[in-house]
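**Q** Predicted model, plus sequence, below.
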Number of protein chains: 2
Amino acid sequence: MSAALASLDSPSITAIRGSQRMSLELRHGGRREVDVRYQLHGPAHAPVVLVAGGISAHRHLAGNAHWPEAGWAQGLVGPGQALDPQRWQLLSLDYLGGDGQLDLPIDTADQADAIARLLPSLGIARLAAFVGYSYGALVGLQLAARHPALLQRLVVVSGAHRPHPYASAWRALQRRAVALGQLQCGDGHGLALARQFAMLSYRTPEEFDERFAAAPELVNGRVRVPAEDYLDAAGARFVSQVPTTAFVRLSESIDLHRVDPARVRVPATVIAVEGDRLVPLSDMVALVEGLAGPTTLRVLRSAYGHDAFLKETDRINALLASALTLPGDPA
Amino acid sequence: MSAALASLDSPSITAIRGSQRMSLELRHGGRREVDVRYQLHGPAHAPVVLVAGGISAHRHLAGNAHWPEAGWAQGLVGPGQALDPQRWQLLSLDYLGGDGQLDLPIDTADQADAIARLLPSLGIARLAAFVGYSYGALVGLQLAARHPALLQRLVVVSGAHRPHPYASAWRALQRRAVALGQLQCGDGHGLALARQFAMLSYRTPEEFDERFAAAPELVNGRVRVPAEDYLDAAGARFVSQVPTTAFVRLSESIDLHRVDPARVRVPATVIAVEGDRLVPLSDMVALVEGLAGPTTLRVLRSAYGHDAFLKETDRINALLASALTLPGDPA
């Protein structure tokens, strides 16, 4: 295990970025040596909350005194938020396959097993909570099903026990766009198109109607619709940040995901978004009906659909604050 | 004008396939010579109903004694159906651009103008009805707005006064898939992928959940989801039937479409499908609220979404039968 200890604000603050090498039996890849990169930040003896995001998320949650650059959970993590690094030690990690170095089918169960191996090596006997959004929700369900002793509470946002077959078809076509780009040695073109199609599944018609209802333009004799500038930017940003192999293998990983909700017995809060086109409310309700432990369902209506957790940060924060209030906490 | 008269069952039956050459002022292409291919079939003096379908539809509606091959409206046209060729003369046509020979932006107004030029040359003073599905509905709205004297009644199914901005973005990405395929001189690959993405917009999550909920397979180390066989077949069939340029230009044409509903004064029946992901019910309701003439709205709930008109033929037939009952008809 290698770990870099950043300079500390005070002796009681943990701020570690590390990498843990482990030998892991992958569900579809046999035994492999893998590195799990993580970040741990918060008061040294505070309870630990693991925060996990979508397939392009990583271990850096939000800018802070140690690592000032913005993170993927920028609006959700910070002083005064439900995920307050002054209240919790926040643990986060790069997903297996997130660096594009693992070119084989990766199961959400593999991600959970890697976390189960990581925790004891960090001296963490049990997470106070696992908070997972989107792909992170799938990993959290696997962790709760496979390693229930490792978490006290599970919070899943916009992720269910199975991928919806329509969403799987949508992702399969995104992977075909990548393959089409690769046929002409233009990874970037295919990956950008895949991301652009994915954006349509992350957002909603309501949002597009508000933002992009103008008439199209003719550019070089071709029709260009108003949303294309936005989609261009989304594609380019993604290509600059995510390796093609990482996208393909983590996209596949969502489609491989299956958890029997009856195997999940830890107390859970399920936050669902009405209008999510990727994870329909009906699947979130089926998850809640199947979970074996005490469960709370909270439903949010948002024009941001699947991306609500990144955009409706105030409302998600309020729901998280309530989910993370443990018995004995001051009201 | 060239017209081929097929052999007749009896002297009172019209069965014509013809082609009308005309000089047309295209909205985005200037004046052009174009050919409009049409088919007219039914009792020689019966009222004429024009039937128009989606962008890959054409002039052959359904198999009959003259042309036995199946058509695109196979379940909707035939003896005993609302669109009965023993009751009406059924007129249908190949869209401008449908043969891939017109490589420029094509407006739905151009399609309507072509029809307006075709009718008098066939001796048709006025259509008893224009029945348009999907793209055909857009063309029908344009015809009613621009040439109101040419139709007695308009029936629009799953098509509104504007393209929804989210659907436009979806189509723009399909056109990018075509362009990506063209980069490597593999038109077919790009067009197939575009059609596959389009299929997701034509159908619904409910249908995919019923048909494709099985676990994925690993094929050559890649994840393959159950819907991919279906999508492969849909892509291949489309590539064999529709020229790439026709797809691109008619897809654009939907995005160029704009009609002010207040300009439509002919009596109209609007058939909307709840669950249509391409033409949301909200836009169909807005259309109905804006139409200036007497209007009837019928709403169908279907797991086939935008494709309901091709799949729910019994229910569509019943709605059409009622829409096509004119004052004075026997009940």
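**A** Great, that's in hand.
**Q** Report the separation between residue A:91 and residue A:236.
**A** Separation of residue A:91 from residue A:236 (C-beta to C-beta, to the nearest Å) stands at 31 Å. Every C-beta, even on glycine, is put in place using the N, C-alpha and C of the backbone.
**Q** most centrally placed residue in chain A?
**A** By C-alpha atoms, centre = their mean, chain A has its centre lying nearest to residue A:53, at 1.9 Å.
**Q** Distance of it relative to chain B?
**A** Using C-beta to the nearest C-beta, to the nearest Å, we find residue A:53 at a distance of 21 Å from chain B.
**Q** OK, contacts around that residue?
**A** By C-beta atoms under 8 Å, 6 or more residues apart in numbering or on different chains, residue A:53 lies in contact with A:72, A:73, A:132, A:133, A:134, A:135, A:136.
**Q** what's the closest of those to chain B?
**A** Among these, residue A:135 lies closest to chain B (C-beta to the nearest C-beta), at 14.5 Å.
**Q** Do I have it right that the closest one meets residue A:255?
**A** No: using C-beta atoms under 8 Å as the test, residue A:135 is too far from residue A:255 to be in contact (11.4 Å).
**Q** number of nearby residues for residue A:84?
**A** Residues near residue A:84, counting by other C-beta atoms under 10 Å in any protein chain shown, number 17.
**Q** So between residue A:91 and residue A:236, which is more surrounded?
**A** Per other C-beta under 10 Å, whichever of residue A:91 and residue A:236 has more neighbours is residue A:91, with 26 against 14.
**Q** and residue A:214, that's in a strand?
**A** No: counting by DSSP: H, G, I helix; E, B strand; the rest coil, residue A:214 is located in no strand; its state is coil.
**Q** confidence score at it?
**A** As predicted, residue A:214 sits at a pLDDT of 97.
**Q** how much space between it and residue A:69?
**A** Taking C-beta to C-beta, one finds residue A:214 at 35 Å from residue A:69.
**Q** got it, and residue A:137?
**A** Counting by C-beta to C-beta, the gap from residue A:137 to residue A:69 is 25 Å.
**Q** can you check residue A:319 too?
**A** Distance of residue A:319 to residue A:69, computed by C-beta to C-beta: 27 Å.
**Q** between those two, who's got more neighbours?
**A** Ranked by neighbour count (other C-beta under 10 Å), residue A:319 and residue A:69 place residue A:319 first, with 20 against 9.
**Q** wait, doesn't the more buried one sit right on residue A:302?
**A** No: counting by C-beta under 8 Å, residue A:319 sits too far from residue A:302 to count as a contact (11.8 Å).
**Q** re earlier: got CSV for the contacts of residue A:53, with distance to residue A:19, neighbour count and pLDDT too?
**A** Compiled in CSV, the contacts of residue A:53 are given as follows (distance: C-beta to C-beta, whole Å; neighbours: other C-beta atoms under 10 Å in any protein chain shown; pLDDT from 0 to 100):
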residue, distance to residue A:19, neighbour count, pLDDT
A:72, 19, 20, 96
A:73, 20, 25, 96
A:132, 21, 28, 98
A:133, 23, 27, 98
A:134, 24, 26, 98
A:135, 21, 24, 98
A:136, 20, 29, 98
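**Q** What about those, which are in strands?
**A** When these are checked against strands (DSSP state E), the matches are A:132, A:133.
**Q** State whether residue A:127 and residue A:118 are indeed in contact, as I suppose.
**A** No: applying C-beta under 8 Å as the test, residue A:127 and residue A:118 come out as separate, 10.9 Å apart.
**Q** These two: which is more packed in?
**A** Remark: of residue A:127 and residue A:118, residue A:127 carries more neighbours, 24 against 20, as counted by other C-beta under 10 Å.
**Q** Quick check: pLDDT value at the nearest residue to that one once chain neighbours are set aside.
**A** Ranked by C-beta to C-beta, 6 or more residues apart in numbering or on different chains and with sequence neighbours excluded, the top spatial neighbour of residue A:127 is residue A:151, at 4.4 Å. Looking at residue A:151, its pLDDT is 98.
**Q** these two touch, right, residue A:151 and residue A:130?
**A** Yes: counting by C-beta under 8 Å, residue A:151 does reach residue A:130; the two are 4.8 Å apart.
**Q** So the two - more neighbours on which side?
**A** Neighbour tally, residue A:151 and residue A:130, criterion other C-beta under 10 Å: the higher count belongs to residue A:130, 29 against 25.
**Q** give the contact list for the residue of the stretch 51-200 of chain A found nearest chain B.
**A** The stretch 51-200 of chain A approaches chain B most closely through residue A:184 (3.3 Å), counting by C-beta to the nearest C-beta. If you count contacts by C-beta under 8 Å, 6+ apart, residue A:184 has them with B:180, B:183, B:184, B:186.
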